[in-house]
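Q: turn this into a structure:
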Amino acid sequence: MNSIVSEKLTMVPGDISKEGLGLQDSDLREEILSQVDVIVNLAATTNFDERYDVALGLNTMGAKYVMSFAKLCVKLEVLVHVSTAYVWGEKAGLLPEHPCLMGKSLNGTPGLDIETEIRIANEEVRRLRSEQASEAAITLALKDFGLKRASIYGWPNTYVFTKAMGEMLIGEHRRNLPVVILRPAIITSTYKEPFPGWVEGIRTIDSVAVGYGKGKLTFFLCDVEAIVDIVPADMVVNAIIAAMVAHANEPGEVIYQVGSSVRNPVRYNDLHDYGFRYFTRKPWINKDGKPVTVHKCTVMSSMDSFRRYMTLRYLLLLKGLELVNIAFCKYFEGTYTDLNRKIKFVMRLVELYRPYLFFKGVFDDLNTEKLRIAVRETTTEADMFYFDPKIIDWEDYFINTHISGVVKYVFK
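A: Model (predicted):
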């Protein structure tokens, strides 16, 4: 994949969290401003509990700085900003392709102001440093601070909150710039191009596949009947290309939600079945050269059942270990600290992913369907730019393409 990319792209160092995108070479900057005709902004941090100051810099102000740079490009025909369908937070029902309006929260709480968010994030950094907190302590505090700020206004995590604010800034300041906001759902491995099953890094549902295939995941928390909205990466790319062509030199803003929940839904129960069938047929070989046997996971369908499980299986043990550790003059301090850390990590992870494990929304894609129709009617190359989820046979895709790709490119 790297060789394909190197043949097609020229890499330029920069930083979207800075005005002017951090371009140091003035001649290069002028060359870009005079020649670029399309900008696609994919840069973001997708960490659900990123440091608040970092997420604001990349996902919120980065969107503004890219747009400001785009306005200076004399040949620019369109700016495509890639956001996320989950700017809708935990909303249920049919979620339309509507813009995020400046200052409008998801839960009706008034007072959302982006400049204020940036100011208080910077103040929190200065306060922590003035108290001589360690970098690790500052990072953890700013992660918690971001989750708190997101929760105040109705978003479940820092990632989607800062992405929503990025959309707000684009809508507020775009003026006559032709802008496309493209909101993918959960992006998975490629369907066909550049080859089936290509994926890089562990993302979202792939971490579950890794844990399950290696025999480390024996239970799972979700609503098994909930729809998990996924879309292969190459379909997202094709939608971007189609939108670029359709809206070149057309002042205005249009939003496309790219997913599968409306036209070809797949449920968590399906994913559980596909994973079991794949790893039963092709078990992972562990470092000792032995095949890992997988079993059907125990599925917990509510947070209450999960908390009961954690209490009976781990928290009572932790409490007992704490008392024994005290009685034996902290002889078991290392064991107690390690178990406590692991339990806190699991509980934090579950809270971060909870909104998506019990998600009740589906993403309307009426605009995206109109774009698909336009591609079919106006080009003879429609088969090359496929992004209709209806063509996917999910059973075949997961068993023969996606999980195989995760095993090949992600498993270590």
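Q: when you work out contacts or count neighbours from here on, use the C-alpha atoms and nothing else.
A: Noted.
Q: quick one, phi/psi of Cys296?
A: Quick fix: residue 296 is Lys, not Cys. Reported as degrees, to the nearest 10, the phi and psi values for Lys296 are phi -60, psi 130.
Q: residues contacting it?
A: Thr218, His272, Phe276 (CA atoms under 8 Å, 6 or more residues apart in numbering).
Q: which helices and strands does the strand or helix carrying Ile373 pack with?
A: Ile373 belongs to helix 366-378 when assigned by DSSP states H and E. Contacting helix 366-378 under the criterion 3 or more CA pairs under 8 Å, 6 or more residues apart in numbering; DSSP states H and E are the following elements: helix 233-247, strand 252-258.
Q: what pairs with the last one, and is each one parallel or antiparallel?
A: Strand 252-258 has the following sheet partners, assigned by DSSP bridges: strand 178-184 (parallel).
Q: quick check: next helix or strand after the strand it pairs with?
A: strand 186-188.
Q: before we move on, back to that, nearest to Leu101, of the helices and strands packed on helix 366-378?
A: Closest approach to Leu101 among those (CA to CA): strand 252-258, 12.6 Å.
Q: list of residues touching the closest one?
A: Outside strand 252-258, the residues touching it (CA under 8 Å, 6+ apart) are 85, 97-99, 171, 175-185, 231, 236, 239, 363-365, 367-368.
Q: switch to 6 Å and redo it
A: Glu97, Pro178, Val179, Val180, Ile181, Leu182, Arg183, Pro184, Asp365, Asn367, Thr368 (CA atoms under 6 Å, 6 or more residues apart in numbering).
Q: top of those residues by neighbour count?
A: Within these, most neighbours by other CA atoms under 10 Å means Val179, with 28 neighbours.
Q: number of residues surrounding Asp229?
A: 25.
Q: same check on Tyr314?
A: 15.
Q: compute the distance between it and Gly320, please.
A: 10 Å (CA to CA, to the nearest Å).
Q: if I look at the spatially most central residue of the chain, what pLDDT would I see?
A: For the chain, Thr46 is the residue whose C-alpha lies nearest the centre (CA atoms, centre = their mean; 4.7 Å). pLDDT, Thr46: 90.
Q: same thing with Leu321?
A: pLDDT, read off for Leu321, is 65.
Q: likewise for the one 3 residues further on?
A: According to the model's per-residue confidence, Val324 sits at a pLDDT of 67.
Q: and for Ser207?
A: On the pLDDT scale, Ser207 gets 78.
Q: which residues sit against the helix or strand where it lies?
A: Using DSSP H and E, the element containing Ser207 is helix 205-213. For helix 205-213, contacts defined as CA under 6 Å, 6+ apart pick out Leu217.
Q: in it, what counts as buried?
A: Asp206, Val208, Ala209, Val210, Tyr212, Gly213 (16 or more other CA atoms under 10 Å).
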